[in-house]
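[1] Provided below are the primary sequence and the corresponding predicted coordinates.
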Amino acid sequence: MQETRLISKSLLRKNFSSIASPIKPEWLKINLPSNKILETKKIVNRQKLTTVCEEALCPNLNECWGNKHATFMILGNVCTRSCSFCNIQTGKPKSVDEFEPLRVARAVKDLGLKHVVITSVDRDDLSDGGALHFYKTIKMIRKFSQNISIEILTPDFKNKENYLKTISRCEINVFNHNLETVKNLYSDIRPGANYLHSLSLLKSIKSAKRNVLTKSGIMIGLGEELVEIKELFNDLRSVDVDFLTIGQYLRPSLKHYPVIQYYDQDYFDTLKKIAIEMGFQAVTSSPFSRSSYRSSDEHEIIKSRFDH
């Protein structure tokens with residue numbers, strides 16, 4: 001088992017750029033985009049849409065877009081929070097685009113998707129955190145594409161009004177909300193978020209929509225310990241989360257939180273085994289795994305769940 005390289009938290013808080021990450025292994029190098037992605041990019045650009053694939057510098061863009069799979073990011077590309085791991089820009093967002101749900105629905109139809117993931121930036125400036133816009137987008141997708149499974153990856157809607165009632169009206173198959181990291185690292189990694197609130201959100205959705213599968217994802221390599229990861233898994237199972245994704249944290253720039261440790265596939269396989277033994281229905285665990293990476297592979301589980 002690989003050991004975590006420890007670093008002083010107080011030093012990390014002072015200046016992330018002063019902390020060097022370990023050398024990235026050769027097998028973690030990302031392939032450059034190929035011509036296969038051009039058709040997906042053309043459709044996305046034609047509808048003037050934003051994808052988290054591009055905004056978050058996802059390492060799987062080439063593979064996913066080559067297979068006509070994209071995760072659409074609604075409510076703009078400016079986030080009201082500033083998480084230390086995230087590459088999405090922070091600032092004051094523009095007003096909500098009321099025509100965006102229609103454009104997303106058209107792109108989904110043009111791509112011929114069987115499964116689609118819709119996510120958003122944090123919109124703390126909106127009274128409902130953007131919940132109604134999620135509802136409108138999903139409703140429009142269903143209008144254009146009846147035989148499709150829909151997954152939403154939402155912010156935490158912290159301190160927002162009526163978000164649960166609105167999200168509960170959404171005709172979705174999977175509700176995804178990422179914990180991102182272990183509880184002890186929240187103050188450094190997710191300032192503005194709250195570990196227990198995120199767990200509560202997943203629990204509330206499962207209680208409100210019993211037929212909906214719930215999902216969460218984490219990054220490793222941020223300085224967490226194995227015992228903390230196991231506690232996180234246990235917390236997710238305690239609120240009946242069905243799916244889990246585990247991926248290697250990759251530092252977007254020197255301004256972001258440093259990578260403390262790179263892990264090989266053996267470690268990810270170990271975590272997957274632990275998670276499956278704890279009762280998760282499906283676990284995607286690899287260095288390049290991200291919350292919506294190969295999410296369509298879960299389609300058969302989704303289909304069998306709703307066929308019964």
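    That came in fine, so what should we check first?

[2] now the one helix or strand residue 108 maps to: average pLDDT?
    Taking DSSP states H and E as the criterion, residue 108 maps to helix 100-111. If you average the pLDDT over helix 100-111, you get 91.

[3] pairing partners for the following helix or strand past it, with directions?
    Using DSSP H and E, the helix or strand that follows helix 100-111 towards the C-terminus is strand 115-120. Next to strand 115-120 in the sheet, as set by DSSP bridges, lie strand 71-74 (parallel), strand 149-153 (parallel).

[4] how about the strands in the stretch 201-308 of the chain?
    For the stretch 201-308 of the chain, the strands defined by DSSP state E, counting those that start in this stretch occupy 213-220, 243-248, 282-285.

[5] which of those sits closest to residue 141?
    Minimum separation from residue 141 across those (Cβ to Cβ) falls at strand 213-220, 17.6 Å. Glycine gets a C-beta too; all of them are placed from N, C-alpha and C.

[6] who are the packing partners of that closest one?
    Counting contacts by 3 or more Cβ pairs under 8 Å, 6 or more residues apart in numbering; DSSP states H and E, strand 213-220 packs against strand 174-176, helix 195-208, helix 226-238, strand 243-248, helix 299-307.

[7] show the contacting residues for residue 78.
    88-94, 121 (Cβ atoms under 8 Å, 6 or more residues apart in numbering).

[8] next one: residue 291
    153, 176, 178, 215, 217, 245.

[9] run the last query once more with 10 Å
    Going by Cβ atoms under 10 Å, 6 or more residues apart in numbering, residue 291 touches 52, 56, 58, 71, 117, 119, 151, 153, 176-178, 180, 215-219, 243-245, 247, 284.

[10] skipping its backbone neighbours, what lies nearest it in space?
    Distances taken as Cβ to Cβ, 6 or more residues apart in numbering put residue 217 closest to residue 291, at 4.0 Å, once the chain neighbours are dropped.

[11] hang on, the one you found packs against residue 284?
    Yes: in this structure, residue 217 is within contact of residue 284 by Cβ atoms under 10 Å, at 8.5 Å.

[12] which of these two has more neighbours?
    Shown here are residue 217 and residue 284; by other Cβ atoms under 10 Å, residue 284 has more neighbours (24 against 21).

[13] my read is that that one contacts residue 216, right?
    No: the pair formed by residue 284 and residue 216 falls short of the contact definition of Cβ under 10 Å, at 11.7 Å.

[14] which residues do the two both contact?
    Common contacts of residue 284 and residue 216 (Cβ under 10 Å, 6+ apart): 243-245, 291.

[15] low pLDDT regions in the stretch 101-250 of the chain?
    Counting by pLDDT under 70, the stretch 101-250 of the chain shows no low-confidence range.

[16] kindly recompute the last result at 90.
    Applying pLDDT under 90 to the stretch 101-250 of the chain flags residues 107-108, 110-116, 146-149, 161, 192, 210-211, 250.
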